[in-house]
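K.L.:
prediction below, plus the sequence it came from.
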Amino acid sequence: MVPVYRTELLYKCACFKIKKINQLKIQITPMKKLADKVAVVTGSSKGIGAGIAKGLAAEGASVVINYSSSQESADKTVAEIIENGGKAIAIKGSVVCESDIARLFEETVKTFGTVDILVNNAGVYRFAPLEGITAEDFHFMFDINVRGVFLTTKEAVKHFNGSGGSIINIGSVVTSLAPAGSSVYNASKCTADIITKSLSKELAGRKIRVNSVNPGMVDTEGNREKGIIGTPFEDMMLNMTLLGRAGQPGDIADVVVFLASEDSRFMTGEVLRVTGGMA
Ligand SMILES: NC(=O)c1ccc[n+]([C@@H]2O[C@H](COP(=O)([O-])OP(=O)(O)OC[C@H]3O[C@@H](n4cnc5c(N)ncnc54)[C@H](OP(=O)(O)O)[C@@H]3O)[C@@H](O)[C@H]2O)c1
């Protein structure tokens, strides 16, 4: 029989070892990939943008949720990030209004001190065959999908600090698929691809990397409003998708986190398709 004092000793030793193991576990918790980084995500009140904002915040970035009208959705996204231990604020402003964009970055720097990551996600889509497309549709899509990316990027880079940063443009699978019935949207997103490539060359000297993520069909509020998700059109799109499902905002967010982080430090000027294998 083991004497009582030995049992107590063994018990104390075991407790000490468990405490040490727990301390060690705390010490080896990996650093979050975007700790101390500040990210601005345009159009992140909902849809893919909200998913990206949540993904960046989960990796430690302080995130600015930009939106043009949906304040309630923006506040909800901010609340969700904060509840999960992250940092976020919402700033209203249209990506096509220069004074709004100037204020967006002024307020970002005032709150978080700098800007390291810009995600140009705000974008609009209207689908119609040639005879149904109007000049107004053309200007609406090119204004937000192209002019918005230029204006926002131009303002953002004024605030990036000497250590550089990462810009990620959200394009679309349409730039490689070129589907019928969306020629103007396709053209606007092809322009975004070429902006990525050109600006990667212009900004490399300042250690600012520029890449694109081009999603396939993703289940978002915008797609539901347009009657794409939950209709025969969705079935048609899924038949073209090897993985047989629509993407979720988180599927896109994970790739954006990669491009925002040091994991992609040797990548710039790239256009990554994230489509579930759409062809
Ligand atoms: N969903 C897809 O299947 C899919 C596929 C490929 C690419 N994309 C691209 O992914 C991006 C997001 O698409 P989504 O489906 O997530 O769209 P969504 O659900 O319609 O959300 C669009 C977001 O953009 C914001 N926004 C619109 N106009 C704006 C402006 N002028 N200034 C600032 N924010 C503005 C909206 O905010 P407010 O509501 O406040 O206006 C909203 O937060 C777009 O660039 C789209 O082209 C989407």
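P.N.:
The structure has been received and is ready for your questions. Here the structure is a predicted model, which is why all the values come from computation and not from measurement.

K.L.:
the stretch 51-200 of the chain against the ligand: which residues are in contact?
P.N.:
66-70, 94-96, 121-125, 144, 170, 172 (CB under 6 Å from any ligand atom). Glycine gets a C-beta too; all of them are placed from N, C-alpha and C.

K.L.:
can you pull the contacts of the nearest residue to Ser163 once chain neighbours are set aside?
P.N.:
Take Ser163 and drop its neighbours on the chain: the residue closest to it by CB to CB, 6 or more residues apart in numbering is Lys207, 6.7 Å away. Shown in contact with Lys207 (CB atoms under 8 Å, 6 or more residues apart in numbering): Gly162, Ser163, Gly164, Gly165.

K.L.:
among the residues you listed, name the ones in strands.
P.N.:
Members of these lying in strands (criterion: DSSP state E): Gly165.

K.L.:
any of the contacts of Lys207 buried? List them.
P.N.:
Among the contacts of Lys207, those classed as buried by 16 or more other CB atoms under 10 Å are Gly165.

K.L.:
may I see the contacts of Lys207 arranged in TSV, with pLDDT as well?
P.N.:
Shown next, in TSV, are these (pLDDT from 0 to 100):
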residue	pLDDT
Gly162	92
Ser163	94
Gly164	96
Gly165	97
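
K.L.:
out of the contacts of Lys207, who's nearest the ligand?
P.N.:
Distances from the ligand to these, taken as CB to the nearest ligand atom, are shortest for Gly165 (20.3 Å).

K.L.:
skip the chain neighbours and tell me the closest residue to that closest one.
P.N.:
Spatial nearest neighbour of Gly165, chain neighbours left out: Asp116 (4.4 Å); criterion: CB to CB, 6+ apart.

K.L.:
for the one you found, phi and psi?
P.N.:
Backbone torsions of Asp116, given as degrees, to the nearest 10, read phi -120, psi -30.

K.L.:
how many other residues sit next to it?
P.N.:
Residues lying near Asp116 (other CB atoms under 10 Å) number 22.

K.L.:
thought Ser166 was touching it, still the case?
P.N.:
Yes - using CB atoms under 8 Å, Asp116 makes contact with Ser166 at a distance of 7.2 Å.

K.L.:
what residues does the residue most central in space within the chain make contact with?
P.N.:
Nearest residue to the geometric centre of the chain (CA atoms, centre = their mean): Ile52, 3.3 Å. Ile52 makes contact with Val41, Ser44, Val119, Asn121, Ile170, Pro249, Ile252, Ala253, Val256 under the criterion CB under 8 Å, 6+ apart.

K.L.:
please apply the same query to Gly171.
P.N.:
With CB under 8 Å, 6+ apart, Gly171 has these contacts: Lys189, Ala192, Asp193, Thr196, Ser212, Val213, Asn214, Pro215, Val271.

K.L.:
nearest residue to the closest residue to the ligand within the stretch 51-200 of the chain other than its sequence neighbours?
P.N.:
Going by CB to the nearest ligand atom, the ligand is nearest to Gly123 of the stretch 51-200 of the chain, at 2.1 Å. Nearest residue to Gly123 in three dimensions, chain neighbours excluded: Asn145, at 5.0 Å (CB to CB, 6+ apart).

K.L.:
with Val149 instead?
P.N.:
Ranked by CB to CB, 6+ apart and with sequence neighbours excluded, the top spatial neighbour of Val149 is Asn120, at 4.6 Å.

K.L.:
before we move on, what about Lys197?
P.N.:
Excluding the flanking residues, the one nearest Lys197 by CB to CB, 6+ apart is Gly269, at 5.0 Å.

K.L.:
and that neighbour, that's in a helix?
P.N.:
No - read with DSSP: H, G, I helix; E, B strand; the rest coil, Gly269 is coil and lies in no helix.

K.L.:
could you check the pLDDT of the residue nearest to Val149?
P.N.:
Listed pLDDT for Asn120 reads 98.

K.L.:
quick one: the strands in the stretch 151-279 of the chain, in order.
P.N.:
Taking DSSP state E, counting those that start in this stretch as the test, the strands found in the stretch 151-279 of the chain are 165-170, 208-215, 271-274.

K.L.:
from the contact counts, what lies against the second one?
P.N.:
I take that to be strand 208-215. Under the contact criterion of 3 or more CB pairs under 8 Å, 6 or more residues apart in numbering; DSSP states H and E, strand 208-215 touches strand 165-170, helix 183-203, helix 249-260, strand 271-274.
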